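> I would like to see how this sequence folds:
(2 chains)
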Amino acid sequence: MASREQELSALPQASDPPRGRLSVLLGRLIRPYLHDEPHGPLPELLGRLIYPFLHGEPPKPQQPTGFYTDTTVCIGCKACEVACKQWNQLPSDGFNWSGNSYDNTNELSATTWRHVKFIEQFSHESPSVPASPDTEESESLLNRWLMMSDNCKHCVAAPCHQACPTGAIIQNEFQNIYIQADICNGCSCCIAACPFGVITRSELGGHSHKCTLCYDRQRDGLEPACAKACPTQSIHFGPIDELREQARKRVEQLHERGVPQAYLYGDVPGETYSEMHSFYLLVDRPSVYGLPDAPFNPWLHMMGDYVRSVAGGLAAIAVLLVVVFLLKP
Amino acid sequence: MHTDSRPQQASAEPLLPERGHEVGYENGPVTKVPGWHGLIAWDALLNGMATGLFLAAAVSELAAPAVFMRVAKVAYPVALVLLLVDLGLLVLDLGDPSRFHHMLRVFKPGSPMSLGTWCLTIFSLPLTAAAALSLLAELGWDFEWARLLAVVVGLLPGFASAAYKGVLLSTNAQPGWKDARWLGGYLTNSALVMGCGEFLVLSALMGQTQAIAILRTAFIVLLVLNVIPLGLLFANLRPIHAQLYTREQQWRVGALIAAGALIPLGLMLLKGSVLSISVAMIFLLFESWLVRAVYVKIPHTSPLEVRSGE
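As a prediction, the model looks like this:
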């Protein structure tokens, strides 16, 4: 995608998506309370009550976009983390020593939407004799760094999206999972549902936050800040079909170059989980990178759980009714 | 040049990592714990007590109005109070309680929380009507048909309000919860058991001998029946319990839960006095809370903390 950073200020700043008639009417009613000076507690309260019910018309679907992260070329520079924080105006996590290699942010959170992971795979025994050519390859596998820039997976069938009771989490026109911060009420259902541990609730406002895949930049034709900043092109951004093709070619290339363990994680749907619009090229088991080996969508169990729940209640009601009818005078 | 190293060390002391922190990512938890804490255990208990009391009273009254009508008129206001406290806890558990009404912004049947919120909201309307009309009847303004209509209308949303809670907790990615296939079955069944017990206590306090005789029998059968979903739930949770708790801790909790189930049963089989009914109900509520608390605590508990006795 062409980068037009310099033209950003010249672009017309897109506002909220266009709204339906009812929403337009409601919007006119409360606009003075939202944008002008406060007129007192009652109008402000009215504005707060009506505002969440303003539903916009969804924008026209665009070509699905996403990330393909090639972990084999990540150098752990954290430029993506910094760019993400800078663009999205996220607060610092402090200068903490985690004790886990060069990782100082530890995890994805409401204030860290990109997280670079450092995995040190080093044998503690130093070889006493020079290694033979046969053993060099196996030792290089044992003595290596794995680095991975992690973020929201933007799952096609996202459990957080399915769980969200307020409609704050949407799949936007680029088929990315997006949290509308002005709608989220911090119920935490998305946190419980996410099998990757991506989302947390902010301590500041009490709302959930995560990677937006730079929705604002995409709407202005710009690539996400992390992909723009990545100096090794470990983070690729673009139309998802093109990314998948590119990633498969890269896996083939790695296999030819003697890295047979390279594979893609999340590019295609599995038996228990959908494909992801942010997928990864890995060279070790997913759990080594802190990813679930076999992600499972909890919604696959839901209907059965409802059946058992209703059965448990109906059985009790049946017992009560039988006893009442048998013993009543 | 020699200098004492201690002051230097003190002034430039690095921020040390926490003890016991795992290096790498393989053995750490992948999922994040939702910030519901202990409130959700009380929410699950009060939800069961409110919906169960309403359902037990409504079903009994509609099946045998001559026996249960007087007690039911007291039960509906009590159920309403329990429900209001429960709704208050649900609002407090939000990250931004002032946005509680955003829950009603959309209706998503695929989201157990959305379905549950709508069911609770709809249920609160006929329950409020039934409670208000019951109180008005006591004051002499009797609108019997309207009260019965409210009771009938409240049955379906009341049942759904009881049934959604377990599914909400089992439909997620949290360790333990995600494997608890019988949580919904247990919680809904338990709501009816508690409701029957509460209705029995009210009948005993009001001296309704016919209602006591019928409800005592129903309560005994329901207590026995409740052991089935409880056993199935614990079979679901056995693997995660084995990871989180020592064998001794598992036995201790198991013994407390068994006592909470068996003591009310024994008391009910032995005697039907107000005192024994009340004590039985206290034990049942303790057991119901304990099951919910132990279950709710699972994602918030790390094996290390539990095993080291913290």
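> Run a quick neighbour tally on the residue in the stretch 151-300 of chain B that chain A sits nearest to.
Nearest to chain A, among the residues of the stretch 151-300 of chain B, is residue B:184, at 2.8 Å (C-beta to the nearest C-beta). Bear in mind the C-beta positions are built from the backbone N, C-alpha and C, glycine included. Residue B:184 is flanked by 33 other residues according to other C-beta atoms under 10 Å in any protein chain shown.
> Going by residue numbers, what spans are helices in the stretch 51-200 of chain A?
A:79-88, A:133-142, A:159-163, A:189-193 (DSSP state H, counting those that start in this stretch).
> weakest of these by average pLDDT?
Lowest mean pLDDT within the helices of the stretch 51-200 of chain A: helix A:133-142, at a mean of 54.
> Which positions within stretch B:271-287 qualify as buried?
B:272, B:276-278, B:280-281, B:283-287 (16 or more other C-beta atoms under 10 Å in any protein chain shown).
> C-alpha coordinates for that stretch, CSV please?
Only the C-alpha atoms of stretch B:271-287 are listed here, as CSV (Å, rounded to 0.1, in the frame of the first residue of the first chain):
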residue,chain,number,x,y,z
LYS,B,271,-37.9,-32.8,61.2
GLY,B,272,-40.0,-30.1,59.5
SER,B,273,-39.9,-27.4,62.2
VAL,B,274,-39.2,-23.7,61.4
LEU,B,275,-35.7,-24.1,63.1
SER,B,276,-34.6,-27.1,61.2
ILE,B,277,-35.9,-25.7,57.9
SER,B,278,-34.0,-22.4,58.5
VAL,B,279,-30.8,-24.2,59.5
ALA,B,280,-31.1,-26.5,56.5
MET,B,281,-31.4,-23.4,54.3
ILE,B,282,-28.4,-21.7,55.8
PHE,B,283,-26.3,-24.8,55.1
LEU,B,284,-27.6,-25.0,51.6
LEU,B,285,-26.8,-21.4,50.9
PHE,B,286,-23.3,-21.9,52.3
GLU,B,287,-22.8,-24.9,50.1
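> now check it, is it near chain A?
No. Counting by C-beta under 8 Å from any C-beta of the partner chain, chain A is not contacted by stretch B:271-287; separation bottoms out at 13.1 Å.
> and residue A:237, how far is that from residue A:150?
Remark: distance between residue A:237 and residue A:150 (C-beta to C-beta, to the nearest Å) = 15 Å.
> Mind checking if the helix or strand hosting residue B:131 is in reach of chain A?
Using DSSP states H and E, residue B:131 maps to helix B:112-138. Yes. For helix B:112-138, a contact with chain A is found by C-beta under 8 Å from any C-beta, at B:112-114, B:117.
> so where's the chain uncertain?
You didn't pick a chain, so chain A it is. Applying pLDDT under 70 to chain A picks out residues A:1-39, A:124-142.
> Oops, wrong one, chain B.
B:1-22, B:300-310.
> what about 50?
B:1-21, B:304-310 (pLDDT under 50).
> Longest helix in it, by number of residues?
helix B:209-244 (DSSP state H).
> Chain B contacts on the stretch 201-329 of chain A?
Residues of the stretch 201-329 of chain A lying near chain B (C-beta under 8 Å from any C-beta): A:201-202, A:205-208, A:287-292, A:296, A:298-299, A:301-302, A:304-306, A:308-313, A:315-317, A:319-321, A:323-325, A:327-329.
> So which of these belong to helices?
Per DSSP H, these map to helices at A:302, A:304-306, A:308-313, A:315-317, A:319-321, A:323-325, A:327.
> Show the buried residues in these.
A:302, A:305-306, A:308-313, A:315-317, A:319-321, A:323-324, A:327.
> Get me the contact residues on the stretch 151-300 of chain B for chain A.
Checking the stretch 151-300 of chain B against chain A by C-beta under 8 Å from any C-beta, the hits are B:159, B:162-164, B:166-168, B:170-174, B:177-178, B:181-189, B:191-193, B:196, B:210, B:213-214, B:217-218, B:221-222, B:225-226, B:229, B:299.
> Buried among those? Need that as a selection in PyMOL.
Burial among those is assessed by 16+ other C-beta under 10 Å; the matching PyMOL selection reads:
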select buried, chain B and resi 159+162+163+164+166+167+168+170+171+172+173+174+177+178+181+182+183+184+185+186+187+188+189+191+192+193+196+213+214+217+218+221+222+225+226+229+299
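> which ones among the residues of the stretch 151-300 of chain B next to chain A are found in helices?
B:159, B:162-164, B:166-168, B:170, B:183-189, B:191-193, B:196, B:210, B:213-214, B:217-218, B:221-222, B:225-226, B:229.
> Show the contacting residues for the closest residue to chain B within the stretch 101-250 of chain A.
Closest contact between the stretch 101-250 of chain A and chain B, by C-beta to the nearest C-beta, is at residue A:186 (1.9 Å). Contact partners of residue A:186, counting by C-beta atoms under 8 Å, 6 or more residues apart in numbering or on different chains, are A:201, A:205-208, B:94-96, B:99.
> Apply 6 Å and report the result again.
Each residue near residue A:186 by C-beta atoms under 6 Å, 6 or more residues apart in numbering or on different chains is listed here: A:201, A:206-207, B:94-96.
> can you list the domains in chain A?
Domain ranges of chain A: A:17-57, A:62-124+A:132-296, per automatic domain parsing.
> out of these, deepest packed?
domain A:62-124+A:132-296 (a mean of 19; mean count of other C-beta atoms under 10 Å in any protein chain shown).
> Convert the C-alpha atoms of stretch B:171-182 to CSV, please.
The C-alpha coordinates for stretch B:171-182 follow below in CSV (Å, rounded to 0.1, in the frame of the first residue of the first chain):
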residue,chain,number,x,y,z
THR,B,171,-18.5,-20.1,27.0
ASN,B,172,-15.0,-18.6,27.3
ALA,B,173,-11.3,-19.4,27.0
GLN,B,174,-10.5,-19.3,30.7
PRO,B,175,-8.8,-22.4,32.1
GLY,B,176,-11.3,-24.6,34.0
TRP,B,177,-14.3,-22.6,33.0
LYS,B,178,-14.0,-23.6,29.4
ASP,B,179,-14.1,-27.3,30.4
ALA,B,180,-17.1,-26.9,32.7
ARG,B,181,-19.8,-28.3,30.4
TRP,B,182,-22.2,-28.9,33.3
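> could you list every residue that touches the residue of the stretch 51-200 of chain B at minimum distance from chain A?
As assessed by C-beta to the nearest C-beta, chain A sits closest to residue B:95 within the stretch 51-200 of chain B, at 1.9 Å. With contacts defined as C-beta under 6 Å, 6+ apart, the neighbours of residue B:95 are A:186, A:201, A:206-207.
> rerun at 10 Å
Counting by C-beta atoms under 10 Å, 6 or more residues apart in numbering or on different chains, residue B:95 makes contact with A:110, A:184-188, A:191, A:201-208, B:35.
> Same question for it, what's its three-state structure.
Three-state assignment for residue B:95 (DSSP: H, G, I helix; E, B strand; the rest coil): coil.
> For it, give me phi and psi.
phi -70, psi -30 (degrees, to the nearest 10).
> Not counting sequence-adjacent ones, nearest residue to it?
In space, and not counting its chain neighbours, residue B:95 is closest to residue A:186: 1.9 Å by C-beta to C-beta, 6 or more residues apart in numbering or on different chains.
> And residue A:272, by the same measure?
Distance criterion C-beta to C-beta, 6+ apart; nearest residue to residue A:272, sequence neighbours excluded, is residue A:296 at 4.6 Å.
> Kindly report the same for residue A:146.
Residue A:146's closest residue in space is residue A:119 (C-beta to C-beta, 6+ apart), at 3.9 Å.
> thinking the residue nearest to residue A:272 is in contact with residue A:270, fair?
Yes. Judged on C-beta atoms under 10 Å, residue A:296 makes contact with residue A:270 at a distance of 9.2 Å.
> who touches residue 120 in this structure?
In the absence of a named chain, this looks at chain A. With C-beta under 10 Å, 6+ apart, residue A:120 has these contacts: A:100-102, A:143-147, B:23-24.
> To clarify, I was referring to chain B.
With C-beta under 10 Å, 6+ apart, residue B:120 has these contacts: B:47, B:50-51, B:83, B:86-87, B:90, B:103, B:127, B:157-158, B:160-161, B:164-165.
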